[in-house]
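Trainee: After the sequence you'll find the predicted model.
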There are 4 protein chains.
Amino acid sequence: MTAPLNVAILGASGYTGSELVRLLARHPRAAIRALTADRKAGQAMADVFPQFAGLDLPRLVTIAELDLAGVDLVFCALPHGTTQTVIKDLFAKKPELKVVDLSADFRLTDPEAYATWYGHAHQALELQAEAAFGLVELNREAIRGARLVANPGCHSTTSILPVVPLLRAGLIDPANIVIVSSTGMSGAGRAAKEEMLFSEVSEGVHAYGVGKHRHTSELDQEFGKAAGRPSLATFTPQLIPMNRGIYANITVTLAAGATAERLHEALATTYAGEPFVQVLPFGKVPQSRHVRGSNNVQLGVIADRGPDRAIVISTLDNLVKGASGQAVQNMNLISGFPETEGLNQLAIFP
Amino acid sequence: MTAPLNVAILGASGYTGSELVRLLARHPRAAIRALTADRKAGQAMADVFPQFAGLDLPRLVTIAELDLAGVDLVFCALPHGTTQTVIKDLFAKKPELKVVDLSADFRLTDPEAYATWYGHAHQALELQAEAAFGLVELNREAIRGARLVANPGCHSTTSILPVVPLLRAGLIDPANIVIVSSTGMSGAGRAAKEEMLFSEVSEGVHAYGVGKHRHTSELDQEFGKAAGRPSLATFTPQLIPMNRGIYANITVTLAAGATAERLHEALATTYAGEPFVQVLPFGKVPQSRHVRGSNNVQLGVIADRGPDRAIVISTLDNLVKGASGQAVQNMNLISGFPETEGLNQLAIFP
Amino acid sequence: MTAPLNVAILGASGYTGSELVRLLARHPRAAIRALTADRKAGQAMADVFPQFAGLDLPRLVTIAELDLAGVDLVFCALPHGTTQTVIKDLFAKKPELKVVDLSADFRLTDPEAYATWYGHAHQALELQAEAAFGLVELNREAIRGARLVANPGCHSTTSILPVVPLLRAGLIDPANIVIVSSTGMSGAGRAAKEEMLFSEVSEGVHAYGVGKHRHTSELDQEFGKAAGRPSLATFTPQLIPMNRGIYANITVTLAAGATAERLHEALATTYAGEPFVQVLPFGKVPQSRHVRGSNNVQLGVIADRGPDRAIVISTLDNLVKGASGQAVQNMNLISGFPETEGLNQLAIFP
Amino acid sequence: MTAPLNVAILGASGYTGSELVRLLARHPRAAIRALTADRKAGQAMADVFPQFAGLDLPRLVTIAELDLAGVDLVFCALPHGTTQTVIKDLFAKKPELKVVDLSADFRLTDPEAYATWYGHAHQALELQAEAAFGLVELNREAIRGARLVANPGCHSTTSILPVVPLLRAGLIDPANIVIVSSTGMSGAGRAAKEEMLFSEVSEGVHAYGVGKHRHTSELDQEFGKAAGRPSLATFTPQLIPMNRGIYANITVTLAAGATAERLHEALATTYAGEPFVQVLPFGKVPQSRHVRGSNNVQLGVIADRGPDRAIVISTLDNLVKGASGQAVQNMNLISGFPETEGLNQLAIFP
């Protein structure tokens, strides 16, 4: 047995942090060496997440206390905005470190787009230039050699995976993409807010961030690149009463000569060899519960009754393929491990 | 006190049937005289729905046993398809009867459309010609004098209410309407089916009837009429884990010169005097939980980031304004009662 | 029409406050004259609870701004502990006021018990002596003449209603009562706390306050009074993933000569004329969903397989009969209105 | 690599069947050779459970079509009652087969108890005598050499694990055990029944099988054996709106001299070396969500306020440690594999 990869998780007291622990504690080639959580420093991880009772895990420390000496790779599961200076610091101390960042800080390659969507100038422009957009299936080669990987957003991953291949193939109109992306609650994190209380979420549904959700900027970037011209999809996220899962309902307008069947074929071909992407038979509708807890994405293509439209549906678990699972997949890739290592858990259904 | 209106409910053992009982048992001008439920005939209503324990209600009988002598108005909450012959029979026996039909049987005025969407020729064409489409706010005058009212579908009501005024005013493109309509489970009824089990519905979401849901035919009819030309909206229903509520996310393309604000204004004007329709302030996003258990509809209009699109959101309780509440509203209207009689319950939230 | 009763609601931005508005806005004899909410003062009620859009309600003010001039009765839905001085103040300003207090401050008649369970000496002892314990069905005469009514706790109401008549009749052993009381989330209020987030509550269950929940003190008081000697029930509340409902599973040991059937008979007799209490047929198991949204309580008695035990089940909606509905019932009683006025809504199921 | 253990799963279209597939498809030493499902024979497993799309699994066949030639071990996830003759047949064809039975058919060692609780004489008495009660932590040695293991019920496992050690140590009164065992819906299986519909289960709670649930017979057997005299616990299961999880709230009366702390100590000692049982610190309350999806059990002991009672809480995932996970643990044990093989998935929370 070779030495394991030593990893640290910054922001371990949030849901993406705990999900990283869930995956990495059982990963055959990684060893969790440090866990940070500024407000809960000093506590045992099992006090914060009792599902880890019995596991031998490092105690929570502050970021300031983090010792990088024995650490090869850092997962950064911190809030957007603060992350860029934290990571700059990490690389200043240890340039050979590898970092997989789960925040939004390094996802946008255009500094102006970043400033527009996030409301302030980026604080680590040189790193932004260097970061690889961590959607493995579509950007594998760029990621492989990267030191810093920007894990994409959960809504973004869900929609980019089916839409980009269709745009690359010229099969759909980039000017007429309508996405309604339903999400469970865990994507909003563990901070105590009134609108996240059980009684405010259960037995109901509501849209949020309509016309201005920040993941839209990632769609613009990736859709535009794929189409070869700007794309301005309509993107409406909505919150539904479940813990895990994103379900993107994507209505597309077919390019001249295209058919819904051709769309299906293009996706099936693109993802034929991918271990985590399953293109369902033409016309079959995915369900979010069938990917729950797994790193899988399920895609469906259904013809609309009119000749020029199709409905493309994409679903994944926002904490796994939409966040921590994808982060581990990125870790595997930049560490030279098999991409599925530690990620082959099957979905929990029911 | 004048004599009450004597009503019968056919199909009282289903969810729309029990919802009619909930509303009518407390209605100041109606008296429930008969309840039918073929498979549960002989049982007390409180055996089938224990929330009615303590209420004095007629015992369940079969339709064959129904005595029309003391009945002024019949609510028909039977499965689609069987209803048309049942109602034909009722009128044969008692032509002066009034009927509010909650099934789909009389919603489509075009017999060909009916045959296409429902797979068989209509069995009561003369009644179909006579039936009024029971969406009160948009068809009040036609309903007032009707003997037979076809209560519209729950998805249909949700989308027609906001879209038709916009089409009538020429503010949106009838050729480019994309609707994703999320619904709770109670709309599917009480029949035992595997896909309706708790474990198949909770903690997940999935679309159904994609490109072919029958409520689409009602949209075509009403949108086409309002636009003055055929409309072919893309309509995707999806099932989310809640009991009650429909939440239609409607992406519209603005007609030349229109703005999202103009759309909002048009809806606010249209529904200014309506007791059951609340147009929220411009930009505010409705939530389905805020209409739960009430006969209310809440509408919101939000600008998209691009200049030519807007998101219109409409939400209601599928068992109330989407079915039984609307049926009682129709009863009130054709009986000359105040329209809000028995329907002023406020929403249950949380 | 005589002049309405003018009411104020203190603490209108919480769930029991909004539930009072739901009931009182449709009450035929009450008029809502003031709503307070210190942190949300200045806002419209419909901003805080959008289900009230379209209703004509007073704007939220601070308690300091409250003008008692036009107010006959105050509902106090404030946090425990602060309430006693607020109410003392109210009576100092207007002694003829009537107050229904939904907090725990005046429920315990023994000041020492109060100090023990709540950790500080009571600040309004003379009022505590005066307050009536507001469980109408068991304390009607004392409440009728009261100026201050202490609305009992939701768990307490659920368990006291079935247990007290059995103790009074000497049918069960006061030393051997085991209660597991499952509750929905809305009873915990609207304050933002991590443990109340959707993801911390959905898809799971956990006990809380085991061996020390404060409602236990109300059980001790009422059970002891009914038994004529101290009772020390084991009371374990547990939180389950639903909004509304309390479901008390009460295992009792039969007194010599008693049978489960006799227990049932005693409850049926006690509650025969009560509009809000339904004793189900012997052996039938209640479900919390059958009282949801109503002021009803449903009781069941089931024989255990051994001869000396029975299971008594009691369920109600914690926000209605467990809080605001009971408060309105108390208002009706002390105002000389029919007890069911404004409270006859049937349960919402499904 | 040695040859894998070849397994067949009978009843693969139910939830315990699919859970076996989830675990065994990733088990390093097992290979799934056959899947039966009489009514769905001919279908691919991924048609019945789409979460398995992309996995290479045998097609569903009928039991009659099952070829035992290449099969070493059979998991029997069939309905109670039919199983005993099926297994008798299997052994008749292949005596050296090993069988882990997830039904109730072989759990009761006393044929009379079986007849009483199940309403008919047992059809395979000689096998019943031979079967080992498959609760590994408490019966490891007997299981190790068995050819037929009777996997215990989900409620039974949850309660037996904490109660039996306390009875063996004489710390609690066997005559006064009160269990309220809350369960999620998945334990009821996938058969379409009205009372299992989403709308009948969500947003509510109800007890079922009160005083007569069949798992009670397993408690009687194991509690009686541990106490050395008959035990007649009061056992009330209740259904709560979640998919997975059992949560047993066990109120015990302490034996003379015992304390809640001693109970805790006894459990901590008993389960000190057990990989799947975690005894939480004294006074800490378990939550079912912290074992969701894992083979873990979490136990808590909390003192009641009176001196002679304690509350013991036990929770597990009914489909894993309560069914299929325990079955795999039994498979590991009788196959000579490490007991945790294939079972080390951490809980999914949130």
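Mentor: Alright, I've got the coordinates. Numbers count the residues shown, from 1 in each chain, chains lettered A, B, ... in the order given.
Trainee: longest single helix anywhere in chain A?
Mentor: Using DSSP state H, we find that the single longest helix of chain A is helix A:154-168.
Trainee: And the residue of the stretch 251-350 of chain A found nearest chain B, how far from C:Ala53?
Mentor: Proximity to chain B, evaluated over the stretch 251-350 of chain A using C-beta to the nearest C-beta, is greatest for A:Arg289 at 3.1 Å. The way it works is simple: take the backbone N, C-alpha and C, and place the C-beta from them, glycine included. Going from A:Arg289 to C:Ala53 by C-beta to C-beta, to the nearest Å gives 34 Å.
Trainee: More neighbours: the two, which one.
Mentor: A:Arg289 (29 against 21; other C-beta atoms under 10 Å in any protein chain shown).
Trainee: Isn't the more buried one up against A:Pro350?
Mentor: Yes. Counting by C-beta atoms under 8 Å, A:Arg289 does reach A:Pro350; the two are 7.3 Å apart.
Trainee: Could you name every residue contacting both of the two?
Mentor: Common contact partners of A:Arg289 and A:Pro350 (C-beta atoms under 8 Å, 6 or more residues apart in numbering or on different chains): B:Glu200, B:Glu203.
Trainee: now A:Ala115: how far from A:Leu108?
Mentor: Distance from A:Ala115 to A:Leu108, by C-beta to C-beta: 9 Å.
Trainee: and the two? which has more neighbours close in?
Mentor: Between A:Ala115 and A:Leu108, A:Leu108 has the larger neighbour count (other C-beta under 10 Å), namely 24 against 13.
Trainee: how about the more buried one, secondary structure?
Mentor: coil (DSSP: H, G, I helix; E, B strand; the rest coil).
Trainee: Report the contact partners of it.
Mentor: A:Tyr114, A:Trp117, A:Gln128, A:Ser217, A:Glu218, A:Gln221.
Trainee: Kindly present those as a markdown table, with separate columns for neighbour count.
Mentor: Output for those, formatted as a markdown table (neighbours: other C-beta atoms under 10 Å in any protein chain shown):
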| residue | neighbour count |
| --- | --- |
| A:Tyr114 | 22 |
| A:Trp117 | 19 |
| A:Gln128 | 20 |
| A:Ser217 | 22 |
| A:Glu218 | 25 |
| A:Gln221 | 20 |
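Trainee: Show me the residues you listed that map onto helices.
Mentor: Per DSSP H, the contacts of A:Leu108 map to helices at A:Tyr114, A:Trp117, A:Gln128, A:Ser217, A:Glu218, A:Gln221.
Trainee: Between those, which sits nearest C:Gly342?
Mentor: A:Trp117 (50.3 Å; C-beta to C-beta).
Trainee: hang on, the closest one packs against A:His213?
Mentor: No. The pair A:Trp117 / A:His213 is not scored as a contact, 9.7 Å apart, by C-beta under 8 Å.
Trainee: Please enumerate the strands of chain A.
Mentor: Taking DSSP state E as the test, the strands found in chain A are A:5-10, A:30-36, A:60-61, A:73-76, A:98-101, A:132-133, A:148-150, A:172-183, A:206-207, A:234-239, A:246-254, A:277-279, A:297-303, A:309-316.
Trainee: Let's have these in a markdown table, adding distance to B:Asn139 and mean pLDDT.
Mentor: Converted to a markdown table, those look like this (distance: least, C-beta to C-beta, whole Å; pLDDT from 0 to 100):
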| stretch | distance to B:Asn139 | mean pLDDT |
| --- | --- | --- |
| strand A:5-10 | 60 | 98 |
| strand A:30-36 | 62 | 98 |
| strand A:60-61 | 63 | 98 |
| strand A:73-76 | 58 | 98 |
| strand A:98-101 | 56 | 98 |
| strand A:132-133 | 52 | 98 |
| strand A:148-150 | 54 | 98 |
| strand A:172-183 | 29 | 97 |
| strand A:206-207 | 28 | 98 |
| strand A:234-239 | 30 | 98 |
| strand A:246-254 | 29 | 98 |
| strand A:277-279 | 44 | 98 |
| strand A:297-303 | 32 | 98 |
| strand A:309-316 | 29 | 98 |
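Trainee: Export the ones you listed as TSV, with columns for mean neighbour count and distance to D:Gly325.
Mentor: TSV is the format used below for the strands of chain A (neighbours: other C-beta atoms under 10 Å in any protein chain shown; distance: least, C-beta to C-beta, whole Å):
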stretch	mean neighbour count	distance to D:Gly325
strand A:5-10	24	27
strand A:30-36	22	24
strand A:60-61	22	29
strand A:73-76	26	29
strand A:98-101	25	31
strand A:132-133	24	38
strand A:148-150	28	35
strand A:172-183	23	29
strand A:206-207	23	37
strand A:234-239	25	32
strand A:246-254	26	28
strand A:277-279	24	25
strand A:297-303	25	25
strand A:309-316	27	25
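Trainee: Can you check which of the ones you listed gets nearest to chain D?
Mentor: The minimum distance between chain D and the strands of chain A falls on strand A:277-279, with 4.5 Å, by C-beta to the nearest C-beta.
Trainee: Tell me which strands that closest one pairs with, and in which orientation.
Mentor: In the sheet, strand A:277-279 lines up against strand A:297-303 (parallel) (DSSP bridges).
Trainee: what residues does the partner strand touch?
Mentor: Residues from elsewhere that reach strand A:297-303, judged by C-beta under 8 Å, 6+ apart: A:157-158, A:161-162, A:259-261, A:263-264, A:267, A:271, A:276-280, A:282-287, A:290-291, A:310-316, A:321, B:207, B:210-211, D:50, D:53.
Trainee: Next, the angle from it to strand B:234-239.
Mentor: Computed by axes from the mean of the first three to the mean of the last three C-alpha atoms, to 10 degrees, the angle separating strand A:297-303 from strand B:234-239 equals 140 degrees.
Trainee: the inter-axis angle of strand A:297-303 versus helix A:154-168?
Mentor: Going by the same axes, to 10 degrees, strand A:297-303 makes 50 degrees with helix A:154-168.
Trainee: on that earlier part again, is there contact, residue-wise, from the longest helix of chain A to chain B?
Mentor: No. Helix A:154-168 stays clear of chain B (C-beta under 8 Å from any C-beta of the partner chain), getting no nearer than 12.2 Å.
Trainee: what helices or strands is that helix leaning on?
Mentor: Packing partners of helix A:154-168 (3 or more C-beta pairs under 8 Å, 6 or more residues apart in numbering or on different chains; DSSP states H and E): helix A:136-144, strand A:172-183, helix A:215-227, strand A:234-239, strand A:246-254, helix A:260-270, strand A:297-303, strand A:309-316.
Trainee: Using TSV, please lay out the ones you listed together with distance to A:Asn151.
Mentor: Listed next are the helices and strands packed on helix A:154-168 as TSV, based on distance: least, C-beta to C-beta, whole Å:
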stretch	distance to A:Asn151
helix A:136-144	10
strand A:172-183	17
helix A:215-227	11
strand A:234-239	18
strand A:246-254	14
helix A:260-270	21
strand A:297-303	15
strand A:309-316	13
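Trainee: B:Asn344 is nearest to which of these?
Mentor: strand A:234-239 (29.1 Å).
Trainee: And that closest one, what does it pack against?
Mentor: helix A:154-168, strand A:172-183, strand A:206-207, helix A:215-227, strand B:246-254, strand B:309-316.
Trainee: the domain parsing of chain A - what is it?
Mentor: Taking automatic domain parsing as the reference, chain A has its domains at A:5-130, A:155-317.
Trainee: Averaged pLDDT, the longest helix of chain A. What do you get?
Mentor: The predicted model gives helix A:154-168 an average pLDDT of 98.
Trainee: what angle sits between it and strand A:172-183?
Mentor: Going by the same axes, to 10 degrees, helix A:154-168 is angled at 160 degrees with respect to strand A:172-183.
Trainee: buried stuff in helix A:154-168?
Mentor: A:154-167 (16 or more other C-beta atoms under 10 Å in any protein chain shown).
Trainee: Please apply the same query to stretch A:188-202.
Mentor: A:Ala188, A:Gly189, A:Arg190, A:Met196, A:Leu197, A:Phe198, A:Ser199, A:Glu200, A:Val201, A:Ser202.
Trainee: Fine, thanks again, bye for now.
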